[in-house]
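Enquirer: Return a 3D structure for these sequence lines:
(one chain, ligands or ions: 1)
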Amino acid sequence: MSEQCAALHSLCNRMTRYHFDNWKTAPANGVYIFFEEGEHAHGGDRIVRIGTHETQDRLPGRLSMHFSAGLDMSGSSFRQDICRALLQKQYGPVGVEKWEAGEFDYGRETAIISEVTEYIRKKMSFVVFEITDARRDMESKLISTVSSCEECKPSAVWLGRFSPKKDIAESGLWQVEGLYKPLTNEDLSVLERSGLIMSSGQ
Ligand SMILES: [Zn+2]
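Expert: Below you'll find the model as predicted:
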């Protein structure tokens, strides 16, 4: 078991949780960590996605792309990957191929996008580590730590198992991994200070 991953989950499960109803109250800068209904690890909710934003003060903009109901999903690979998994579950690989090729008519396109929107809005929640610089570095370490953890495996019914992307289906994370350095104990201390100061109500 990864002790760093257990400590990270324990920390996240004690932090202020955001979801579709209150995401606009999240901080302006940081690394976000998503959880999904029905997924558990380390005695609490299991981390299913880790992400951040490029431009300063634009975390709300990044989150709005994930929670959006818009027809254009190009700004959120999270929405696109959930869409592919829903399509594969319902129609098999041919459904994904037709959608990727732009062969869905307007009715089918809007129907599947509504499903994606409902899935994210109803089943996803997240926490935020308020980090104002070097966000990408922390994001990479977090992804590395969680994706290499033996205890963080998806449930038998996790939607991501239907993803046509092997990295998603096997890792249990809604993202395609790279090779990164994992979290150190020093990183965990930084996260703990950030996460618990925020959650105590400032
Ligand atoms: Zn783990």
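
Enquirer: From the contact counts, what lies against the least confident helix or strand in the chain by mean pLDDT?
Expert: Ranked by mean pLDDT, DSSP states H and E, the weakest helix or strand in the chain is helix 185-199, scoring a mean of 82. Helix 185-199 sits against helix 3-12, strand 124-129, helix 135-147, with contacts defined as 3 or more CB pairs under 8 Å, 6 or more residues apart in numbering; DSSP states H and E. Glycine gets a C-beta too; all of them are placed from N, C-alpha and C.

Enquirer: Among these, single out whichever gets nearest to L196.
Expert: Nearest to L196 among the helices and strands packed on helix 185-199 is helix 3-12 (7.4 Å), distances taken as CB to CB.

Enquirer: anything in that closest one near the ion?
Expert: Yes. Residues of helix 3-12 contacting the ion under CB under 5 Å from the ion: C5.

Enquirer: May I see the buried residues of that helix?
Expert: Neighbour counts over helix 3-12 (16 or more other CB atoms under 10 Å) mark 4-9, 11-12 as buried.

Enquirer: Quick check: which element contains T110?
Expert: helix 106-123 (DSSP states H and E).

Enquirer: quick one: contacts of that helix?
Expert: 19-20, 36-38, 66-69, 71, 73, 78-79, 82-83, 86-87, 99, 104, 159 (CB atoms under 8 Å, 6 or more residues apart in numbering).

Enquirer: ok, back up a step: CA atoms of the least confident helix or strand of the chain as CSV?
Expert: The C-alpha trace of helix 185-199 is given here as CSV (Å, rounded to 0.1, in the frame of the first residue of the first chain):
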residue,chain,number,x,y,z
ASN,A,185,6.3,13.6,2.8
GLU,A,186,7.2,17.2,2.4
ASP,A,187,4.6,17.6,-0.4
LEU,A,188,2.0,16.0,1.9
SER,A,189,2.8,18.6,4.6
VAL,A,190,2.3,21.4,2.1
LEU,A,191,-1.0,19.9,1.0
GLU,A,192,-2.2,19.3,4.6
ARG,A,193,-1.5,23.0,5.5
SER,A,194,-3.3,24.2,2.5
GLY,A,195,-6.3,21.8,2.7
LEU,A,196,-7.1,22.0,6.3
ILE,A,197,-6.6,25.8,6.7
MET,A,198,-9.2,26.3,4.0
SER,A,199,-11.6,23.7,5.4
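
Enquirer: Off-centre distance for that helix?
Expert: 19 Å (CA atoms, centre = their mean, to the nearest Å).

Enquirer: contacting residues around it?
Expert: Taking CB under 8 Å, 6+ apart as the rule, helix 185-199 contacts 4, 7-8, 11-12, 14-16, 27, 30, 127-131, 138, 141, 183.

Enquirer: run the last query once more with 6 Å
Expert: Helix 185-199 has contacts (CB atoms under 6 Å, 6 or more residues apart in numbering) with 7, 11, 15-16, 129-130, 141.

Enquirer: And for stretch 153-168?
Expert: Contact with stretch 153-168 is made by 39, 84-85, 88-89, 96, 169, 172, 176-177, as judged by CB under 6 Å, 6+ apart.

Enquirer: In that stretch, which residues are buried?
Expert: Result for stretch 153-168 [16+ other CB under 10 Å]: buried residues 154, 158-164, 167-168.
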